[in-house]
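Novice: Build me a model from this:
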Amino acid sequence: MSGTGENNYGWISTLRGFAALLVFAAHLPIPWPHYLVGFAIGRAGVAIFFLIMGYLAVQARQKRTRKQYLFNRFVRMYPVFWLILIATYIVKIIAWKASLFGHLKDLLFNMTLFNEFLGSGCIIGTSWMMPIQVVFFVILAVLSVDFFEYISGDKMEKIFIIGGGATVVISLLRFITGKPFPTAFGLLLLLGLIGIQYKEYGDIRSIPISYLQIYAIAFVPSVFLSYKWDAIGYIAAYALGIALFVLADKYKVSVDAMDKLGSVGFSFFLAADIPQIILEKIIDTNGSVIKLILFIIIKFAASLGLAYVLTKYVEKPMLKKAKSIEMSMK
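Specialist: Model (predicted):
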């Protein structure tokens, strides 16, 4: 397999910012015509994030040893998340007048990112997708650096079949038992794999059609078994996310405002819960368009401000320091 060799990633930064904006919009108290509209908007942003993750993942892996790669991914994900998590926890405790230590177990479970597997809900609503990213990165670390460069098409097709089959089985278990088995794990891991293939082949039309067919064959029954008629929202969201990703690449879309938002996107969509919790205590948006607009403007400005501060004074200095540590690892 061989890609185009294209190194112009400006469209990626723009798209990352737009994806963060979609996730942000989905969590606003907007009275959508149907709740699936807001859901589809947010999940489309998630689909874009995973396509971008796959698109960039192999190149990042090829630059590092296994230890360096795992360390790099850990530093990029956990420390800033922990800081935002603790801040969100404190704000929720104050807003809800709860005991500071009464939900300490939930905080500790959330720090692992695998809290839902430990029986605890997400303190930060948007963090639910992060354990899937962790698993994706760990899988890449386990594989050899040149795995995707030399793997045959037949073997890659088998990986899609195994992944798709496992996802359908998970959805069947969810349907039969009524328990929240993680269908999204399989769907989004495979979407990240499609992002890898997109980078390798350089164009959606060049990816072997069997890969996309297998994904579609697994996707449709999985979402209907897991989410019943809410599956319509999932189908619309993933289709929109993939379409936006392909179009952004085709036209090399670059918007300065979205580039800047993309550069702080990680902190932006994680920290957005903090101003929302506070604003919900202050502004009642029910039945008032003016109050809703004010709510959105203040939340956006506050979320962007928090993201800027965290990125400039925490994330960037930490990554710079971590880089020197990473270089000393073998």
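
Novice: Give me the average confidence score over stretch 14-33.
Specialist: Averaging pLDDT along stretch 14-33 gives 93.

Novice: Can you list the buried residues in that stretch?
Specialist: By 16 or more other C-beta atoms under 10 Å, the buried positions in stretch 14-33 come out as 14-29. (Glycine included, C-beta is placed from N, CA and C.)

Novice: which stretches of the chain have low pLDDT?
Specialist: Residue ranges of the chain with pLDDT under 70: 1-8.

Novice: For the helix or strand harbouring Val80, list every residue counted as buried.
Specialist: Secondary structure from DSSP states H and E places Val80 in helix 66-96. Within helix 66-96, the residues scored as buried using 16+ other C-beta under 10 Å are 66, 68-73, 75-78, 80-81, 83-85, 87-89, 91-93.

Novice: what do you get for stretch 117-135?
Specialist: Quick answer for stretch 117-135 (16+ other C-beta under 10 Å): 120, 122-135.

Novice: Need the three-state assignment for Gly287.
Specialist: coil (DSSP: H, G, I helix; E, B strand; the rest coil).

Novice: State the distance from it to Val37.
Specialist: 19 Å (C-beta to C-beta, to the nearest Å).

Novice: okay, those two: which has more neighbours?
Specialist: Counted by other C-beta atoms under 10 Å, Gly287 and Val37 do not tie: Val37 has more neighbours, with 13 against 8.

Novice: List the contacts of the more buried one.
Specialist: Gly233 (C-beta atoms under 8 Å, 6 or more residues apart in numbering).

Novice: next one: Ile204
Specialist: 198, 242, 246.

Novice: Kindly provide the distance from Ile52 to Ser152.
Specialist: 26 Å.

Novice: sorry, that was for Val46
Specialist: For Val46, the distance to Ser152 - C-beta to C-beta - is 31 Å.

Novice: Counting neighbours, go ahead and name the busier of the two.
Specialist: Between Val46 and Ser152, Val46 has the larger neighbour count (other C-beta under 10 Å), namely 24 against 9.

Novice: Look up the closest residue to that one, ignoring the ones flanking it.
Specialist: In space, and not counting its chain neighbours, Val46 is closest to Met129: 5.6 Å by C-beta to C-beta, 6 or more residues apart in numbering.

Novice: isn't the one you found right up against Phe185?
Specialist: No - if you go by C-beta atoms under 8 Å, Met129 and Phe185 don't touch, sitting 9.7 Å apart.

Novice: Need the residues that contact the one helix or strand Ile170 maps to.
Specialist: For Ile170, the host element (DSSP H and E) is helix 153-177. For helix 153-177, the surrounding residues in contact (C-beta under 8 Å, 6+ apart) are 1, 179-183, 185-187, 189-190, 193, 197, 208, 210-211, 214-215, 217-219, 221-223, 225-226.

Novice: try stretch 226-242
Specialist: Contacts of stretch 226-242 (C-beta under 8 Å, 6+ apart): 19, 36-37, 39-48, 51, 171, 174-175, 181, 183, 187, 191, 194, 204, 219-220, 223-224.

Novice: next one: that stretch to chain centre, how far?
Specialist: Centroid separation between stretch 226-242 and its chain, computed with C-alpha atoms, centre = their mean, to the nearest Å, is 16 Å.

Novice: in it, what's buried?
Specialist: Neighbour count says stretch 226-242 has 226-227, 231-238, 240-242 buried, by 16+ other C-beta under 10 Å.
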